[in-house]
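In: what follows is a protein structure lacking sequence information:
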C-alpha cells in the first residue's frame, strides 16, 4: 500500500502516509474504547498494515495513544517516574512531575492540545487517554478501600487540571507567576489526602 | 443614535442596538482593565449613551461585566450568599454555591461560555472578570497574612475550576457521576485550608 499512497500524493515513499493512516485508525479506535481494550494488532488491522510497522513508528501502544491525542509525552516514562516515588510521597511526586512538564518547553504544545481538546470534538478521546492510560495505572497503587482508587486519582487530577488551566491557559495573576516549588508545596498535602488519606464519600469509606 | 441604528437594521426601535453597543463598549473596556478601574460612566461615554441607560439595561457594573463575558449569573447575588457564610465554613460554602450553579439548568450555558473562553480570544477578559469581580471580593475576607488573600482565593479557584473541567467539560467517569454532596464533602477541607489554613509559601507565611 505504500506504493499506492506514494503514487497518489506523488511522494517518493509512503512512510508518512502509512504513519498517518495508523494514527487515523488509532484515533478512530481510541475515541470510544479504553486503551486496555484496543490492541496494537487491532489498530494495525484497521490501518491495513503489519503490527510490526505500528511498533516501528510509535513504539508502545501508550505512546501511540499519546500521539493520537497530540500529547508530546511518553506516558510510560512519566508513569515510571511516579512508580519510583514512595506511596506516601505520591502527591508531591505527581504535582512535581505533571506541573513540571507544563513549565518545560513542552508546555506550549500541551497548552495547544488542551485548548483544542476542550473546544473541540476530540475531548472524549482526550479524557479516555487520561483515564485509561494515566489514571488507571496510578489507581492500582491507591485502591484502598478497594474500588476507591480511580476516584482518588480523579480528585487529584481535578486539582492538577485546575492549576494547569488557571496558570497555563487562563494565566490568572498573581497565581500564574508563583514559582512552581511554592505551588507544589501547597498542593502536595491536598493530593496526598486525595490519594491515600481518609476521604469521606469514597466507596466503603 | 437609536434612530440611525434602527434605520440601518430596519427595526422599529433602537433598544437592542443600544444594548448591543453598550455591551460592545463594555467588552472593549473590560478586556484589559479591572472592574474597579472602569466606571459605568466610562462605558456609557464609549458607547455614546447616557449612563442611566446602562443601569437601565444591565443593573450594576458587575452584572454588565457578567453579561459581557456571557456568564448568566448575577455576581452580586452570588457574593451575597458567600458573605452570609461564616469564615470557617467559607470552603464548603464556595464549593456548594459555585458547583451548585453548574449542576443547575444554568450549567449548560456556563459550559458553553467556559469552552469558548478557553478556546478563544476572550480568555483574558474572562480571567479579568473572575479576578476583579469574584476573587477580589472574597480575598478581602481571607487576607491573613496581609497580601495573601488573592493567592488563597486563586488556589481555591484552581480546585473548583479543575472539578468543573473534569466533571462538566471533560465528563471524566466515574468522577462526573459522583453526587455533588460527596464532591463538596471531599473539597471542603481542601478549600478551607487554602482560604484560612496555614499554607506554606504564601506571602509572609
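Out: Done, it's in. What you are looking at is a predicted structure, and each value in this text was computed from that prediction instead of being measured.
In: indicate the residue of chain A located nearest to chain B.
Out: residue A:162 (2.5 Å; Cβ to the nearest Cβ). C-betas here are computed from N, CA, C, even on glycine.
In: I figured that residue was touching residue B:169, is that so?
Out: No. Using Cβ atoms under 8 Å as the test, residue A:162 is too far from residue B:169 to be in contact (11.5 Å).
In: what is the end-to-end distance of stretch A:31-47?
Out: Across stretch A:31-47, the terminal residues are separated by 15 Å (Cα to Cα, to the nearest Å).
In: again, but for stretch A:126-134
Out: Span of stretch A:126-134 from end to end, Cα to Cα: 11 Å.
In: now the helices for chain A?
Out: A:2-9, A:15-30, A:40-47, A:51-58, A:61-68, A:75-83, A:90-103, A:107-119, A:123-129, A:136-139, A:149-164, A:180-196 (DSSP state H).
In: how far away is the residue nearest to the spatial centre of chain A from residue B:69?
Out: The residue lying closest to the centre of chain A (Cα atoms, centre = their mean) is residue A:130, at 4.4 Å. Per Cβ to Cβ, to the nearest Å, residue A:130 is found 28 Å from residue B:69.
In: quick check, pLDDT for residue A:29.
Out: Per-residue confidence (pLDDT) for residue A:29: 93.
In: do residue A:148 as well
Out: In this prediction, residue A:148 has a pLDDT value of 93.
In: go on, residue A:48?
Out: pLDDT, read off for residue A:48, is 96.
In: look up how far residue A:56 lies from it.
Out: According to Cβ to Cβ, residue A:48 stands 15 Å off from residue A:56.
In: then residue A:141?
Out: 32 Å.
In: of the two, who's got more company?
Out: residue A:141 (17 against 13; other Cβ atoms under 10 Å in any protein chain shown).
In: and for the closest residue to the more buried one other than its chain neighbours, the neighbour number?
Out: Leaving out its chain neighbours, the residue that sits closest to residue A:141 by Cβ to Cβ, 6 or more residues apart in numbering or on different chains is residue A:87, at 6.2 Å. For residue A:87, the neighbour count with other Cβ under 10 Å is 13.
In: residue contacts, residue A:87?
Out: A:141-142, A:196 (Cβ atoms under 8 Å, 6 or more residues apart in numbering or on different chains).
In: distance to residue A:81 and pLDDT added to those residues, as TSV?
Out: Shown next, in TSV, are the contacts of residue A:87 (distance: Cβ to Cβ, whole Å; pLDDT from 0 to 100):
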residue	distance to residue A:81	pLDDT
A:141	13	95
A:142	16	96
A:196	18	96
